[in-house]
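>>> What follows is a predicted structure for the sequence shown.
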Amino acid sequence: MISVNEARKILSENCTRGKIEAVPLGQSLDSIVAEDINSPIDVPSFNNSAMDGYALKFDVKLQRWKVNTIVQAGDTSAYKIERGEAARIFTGAKIPEGTDTVIPQELIAKNEVSGEIYYQQDKISSGSNVRLKGSQCKRGDLILKRGTVISPGIIGLLASVGLAEVKIYKAPSVAYIITGDELKEPGSPLKSGEIYNSNGPMLEALLKKTGVTEIFPRKASDKKEELQKIIDEALEQQDVLILSGGISVGDYDFVKECLENAGVKELFYKIKQRPGKPMFAGKKEEKWIFALPGNPASVLSCFNQYVKPCLYYFKGRNNVWNADSELILAEVHKKKPGLTFFVKAKTNGAEVEVLGAQQSFNLQAFSTANCLVELEEDKEEVKAGTLVKIYNL
Ligand code: AMP
Ligand code: MG
């Protein structure tokens, strides 16, 4: 049996990146950009007005201006404004040739008879209210670094320079196999002796939250031949295989044997942790296999600690093995030494409180939990005020 840190080390040494592919901007949210991006154009690509108002050539010697031209946003005409003239202009419209300054309309007064405009000149300086060509970026400027997580703002940035696609690390396709003769789907009646399949919907949600879109659910009974067929099929078709249940030492736990038959190379089996001790990880060529113990809290905890970092790395993220934060434990917590504990907990951002109902079958604590707390292997008691590692749920 290996320690939590050994398991992390083995996985991190075996992690590989996904393929790089260009996707439409609209599908890139939360992906990792796989190349440095230089702007193909100047932005703005023309000098334009920052206000609704009047464009004119700044000139303290003049007192009033005639208005013969109107320039709307989107007007691509080439206007030429002569000395003593101004153009009516609106936000985003191109600054016409012969002008360099925009006077906001609130500062303008109009001579009712001649229609000429004038304004209080000490309130404005030359070049005011003009957004200059290339003031966001110049053509060729580095605007986004490889390895950045794509946010809604980044999507806006890339669109603003005219890019319709972005190169990202593709997420893997993932199969998950739910094993167990006792399982019924939520929504159907239960006989005594049966339970609802909570791991299936939970894994589906965990995968989606990790940015996986190609998800292939499968179910297998606790019969060896059937399980073998489904495992072989999944390994042929998907990049990553996750199994729930059947990896412990019971008479009907055939997952490990079937994985061996399928040619999966073991990276490790069993980690000194609670929950989720009998977790298995393996590889078959480039494919990843994670067999998670069936208890729902084990599935969630093992996914959070081992599967998620591997998927994130595949998707191009860095520092995937770090805790999300470190916070102060609110109250003393006793534990069994010799196992790392991952306990359901709730944090307010300042300190963290370990919740009750920590048994691995019991999901109730997830109604309020927002993180897992890691309590170190050798500790028997973690005192209030200790800095502990936090993993967001
Ligand atoms: P196993 O690892 O197959 O021995 O399962 C361990 C425990 O987890 C047993 O009590 C199972 O009934 C339970 N379990 C297994 N799979 C699921 C599932 N999909 N949803 C909820 N509980 C499960
Ligand atoms: Mg089982």
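Here it is on my side, so go on. Ligands and ions are numbered 1, 2, ... in the order given.
>>> Can you pull out the residues in contact with the strand ranked longest in the chain?
When the chain is parsed with DSSP state E, its longest strand is strand 340-347. For strand 340-347, contacts defined as Cβ atoms under 8 Å, 6 or more residues apart in numbering pick out 3-4, 271-276, 297, 301, 304-305, 327, 333, 335, 352-355, 357-358, 365-366, 368-377, 390-391. The way it works is simple: take the backbone N, C-alpha and C, and place the C-beta from them, glycine included.
>>> repeat for stretch 251-263
179, 181, 222-224, 227-228, 231-232, 235, 243, 245-247, 266, 269, 280, 282, 284, 289, 291.
>>> Now do the same contact list for the residue nearest to D181 when sequence neighbours are not counted.
Distance criterion Cβ to Cβ, 6 or more residues apart in numbering; nearest residue to D181, sequence neighbours excluded, is D222 at 4.8 Å. Contact analysis of D222 by Cβ under 8 Å, 6+ apart lists T179, G180, D181, G246, Y252, D253, F254.
>>> sorry, back to before: buried subset of the contacts of stretch 251-263 as a ChimeraX selection?
Listed next is the ChimeraX selection for buried residues among those, using 16 or more other Cβ atoms under 10 Å:
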select :179,222,224,227,228,231,235,243,245,246,247,269,280,282,289,291
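>>> near ligand 1, from the contacts of stretch 251-263?
When contact is defined as Cβ under 6 Å from any ligand atom, the contacts of stretch 251-263 meet ligand 1 at G245, G246, I247.
>>> and which of those is nearest to ligand 2?
G245 (3.9 Å; Cβ to the ion).
>>> The closest one and E182 touch, don't they?
No - here G245 does not reach E182: they are 9.3 Å apart, not a contact under Cβ atoms under 8 Å.
>>> Can you read off the pLDDT for K123?
pLDDT for K123: 88.
>>> In three-state terms, label E106 for me.
With DSSP: H, G, I helix; E, B strand; the rest coil as the basis, E106 sits in helix.
>>> Give me the subset of the contacts of strand 340-347 that lies in helices.
V4, A297, S301 (DSSP state H).
>>> A171: what's it in contact with?
G18, S31, T210, G211, V212, T213, E214, L311, F314, K315.
>>> got those as a markdown table, with distance to N261 and secondary structure columns?
Compiled in a markdown table, those are given as follows (distance: Cβ to Cβ, whole Å; DSSP: H, G, I helix; E, B strand; the rest coil):
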| residue | distance to N261 | secondary structure |
| --- | --- | --- |
| G18 | 27 | coil |
| S31 | 36 | coil |
| T210 | 29 | coil |
| G211 | 32 | coil |
| V212 | 26 | coil |
| T213 | 30 | coil |
| E214 | 26 | coil |
| L311 | 26 | helix |
| F314 | 26 | helix |
| K315 | 30 | coil |
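>>> Name only those of the residues you listed that count as buried.
G18, S31, T210, G211, V212, L311, F314, K315.
>>> re the thing from before, retrieve the pLDDT associated with the residue nearest to D181.
On the pLDDT scale, D222 gets 95.
>>> now S126
Reported pLDDT for S126: 97.
>>> F216 too?
On the pLDDT scale, F216 gets 98.
>>> Give me the distance between the helix or strand hosting it and the centre of its chain.
Using DSSP states H and E, F216 maps to strand 215-220. Its chain's average C-alpha position is 24 Å from that of strand 215-220, according to Cα atoms, centre = their mean, to the nearest Å.
>>> ok, residues contacting the following helix or strand past it?
Note on strand 215-220: by DSSP H and E, the next helix or strand toward the C-terminus is helix 224-237. Helix 224-237 is contacted by residues 173, 175, 177, 179, 216, 218-221, 241, 243, 246, 254-255, 257-259, 261-262, 264, 284, 287, 289 when judged by Cβ under 8 Å, 6+ apart.
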